[in-house]
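**Student:** how would this look folded up:
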Amino acid sequence: MKIGIDKMAFATTSEYIDLAELAKVRGVDPNKYLIGIGQSEQAVLPPTQDIVTLGAAAADKLLNERDRERIATVIVATESGIDNSKASAIYIKRLLNLDDYVRTVEVKEACYSATAAIQFARGQVALEPEKAVLVIAADVARYGLKTAGEVTQGAGAVAMLITAEPRILAIERTSVAYSQDVMDFWRPLYATEAMVDGKYSTNVYTDFFKHTLSRYEKLTDRKLDDFAAIAFHLPFTKMGKKALEAVLDERDDQTAWRLRKALLASQNYSRRVGNLYTGSLYLGLMSLLQNDPDLKAGERIGLFSYGSGAEGEFYSGILQPGYQEQLSNVAGDLSERQLISIAAYEQQFNDQLGMNKADVEYDVSADPARFVLAGQKNHQRQYVDKQQL
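**Tutor:** As a prediction, the model looks like this:
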């Protein structure tokens, strides 16, 4: 029985900034951002949005009535949790009007946990093939204004339906997970911004990729030649390039050309949105599938997942016929966003609810999204479906 990703959808904010403009305001050479980091645009999170509203928006794009009836579990993977106890999946389940006989949980391990959620989902579907599991990778990457990490911020969510007989990617049995206690990136409970050792983290990422790929090759007797493409976790687009070149080692044959071309296709959307933490690998996968016209059903795609702290996993899947029809229109959504000024971005950054204890009420009328965060009352976040107002 095949088990894997049946549908995928992406949601982000309605506003963005131009990173060339940010570079000018910060007194930095724009090429440091555009070429050195590999980012050109960045999603801006209004105070009326968070992982719950973004996750619900992504899931709402892919669910039909049949999907809703067979969902057994909702798993939200995030490192941007909005409560230390209550799972964000419960809020999302309510906004989506899913049945109360649905399991709802939240999982965490930096940017890696969406991959763990998919593997958990595969196990449930194997036991109950008639059921589906909704996996949502939702995050807000936040480092602070005028910091070294500012250019690698972002926000968004990728929703995936994991089923038997999937229509996008049938996940193969062999996967390799690898973990070590590493302090390359973390966010203490008292902080709203992450702490990161950028160069160290890049080196750890590359090492984990080489470790997991090498063991995968030994377990399966497969080589790079067996992959049509490899999708990478992309906190910034240059990260995937560093990892791929570390294993290609100046190869200039047909396989190297194919994998480099596929990497460029996978970077397209991340370059325009920014860092999605848990969702970065899967936005990269969507970008690959929608921007590489040479991919064909039956071909093998490799996936490298990484979360600082640190955990990595390499696994693979086989593309299914008609996979393009099961993806939301990411390019269309990005083209509808509104460009805002750096001053407006800075204001929105500072207006986030964060760790505020006070009651807060936001004006949601300016937010075009269906699902919004209306504020906080009695220490409880107030989520609203504007279609029900």
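
**Student:** For residue 358, give its distance to residue 346.
**Tutor:** 22 Å (CB to CB, to the nearest Å). All C-beta atoms are positioned from the backbone trio N, CA, C, and that covers glycine.

**Student:** Looking at these two, which one has more neighbours?
**Tutor:** residue 346 (16 against 9; other CB atoms under 10 Å).

**Student:** Could you check which helix or strand contains that one?
**Tutor:** helix 342-350 (DSSP states H and E).

**Student:** Show residues contacting that helix.
**Tutor:** When contacts are defined by CB atoms under 8 Å, 6 or more residues apart in numbering, helix 342-350 is touched by residues 15, 17, 21-22, 25, 44-47, 142, 145.

**Student:** Pick the one among those closest to residue 333.
**Tutor:** For the contacts of helix 342-350, the closest approach to residue 333 (CB to CB) belongs to residue 15, at 12.5 Å.

**Student:** Mind picking out the helix or strand in the chain with the poorest mean pLDDT?
**Tutor:** Lowest on mean pLDDT, DSSP states H and E among the helices and strands of the chain sits strand 195-196, with a mean of 86.

**Student:** next structured bit after that strand?
**Tutor:** helix 198-220.

**Student:** before we move on, back to that, buried residues in the helix holding residue 346, which are they?
**Tutor:** 342, 345-346, 348-349 (16 or more other CB atoms under 10 Å).

**Student:** where along the protein do the helices fall?
**Tutor:** In the chain, the helices defined using DSSP state H lie at 19-26, 30-31, 51-62, 65-70, 88-95, 113-127, 198-220, 237-248, 254-273, 280-291, 330-335, 342-350.

**Student:** I'd like the ones you listed laid out as a markdown table, including distance to residue 9.
**Tutor:** Shown next, in a markdown table, are the helices of the chain (distance: least, CB to CB, whole Å):
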| stretch | distance to residue 9 |
| --- | --- |
| helix 19-26 | 25 |
| helix 30-31 | 32 |
| helix 51-62 | 4 |
| helix 65-70 | 11 |
| helix 88-95 | 13 |
| helix 113-127 | 14 |
| helix 198-220 | 27 |
| helix 237-248 | 22 |
| helix 254-273 | 13 |
| helix 280-291 | 9 |
| helix 330-335 | 9 |
| helix 342-350 | 24 |
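
**Student:** Residue 138: which of the ones you listed is closest?
**Tutor:** helix 51-62 (3.8 Å).

**Student:** And the closest one, what does it pack against?
**Tutor:** With contacts taken as 3 or more CB pairs under 8 Å, 6 or more residues apart in numbering; DSSP states H and E, helix 51-62 sits against strand 3-11, helix 88-95, strand 132-141, strand 154-164, strand 371-377, strand 380-385.

**Student:** Buried residues, it. List them.
**Tutor:** Result for helix 51-62 [16+ other CB under 10 Å]: buried residues 51-62.

**Student:** repeat for stretch 114-123
**Tutor:** 114-122.

**Student:** Could I get those residues in TSV, plus columns for pLDDT and distance to residue 93?
**Tutor:** Supplementary listing: those in TSV, determined by pLDDT from 0 to 100; distance: CB to CB, whole Å:
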residue	pLDDT	distance to residue 93
114	98	18
115	98	22
116	98	20
117	98	15
118	98	19
119	98	21
120	98	17
121	98	15
122	98	21
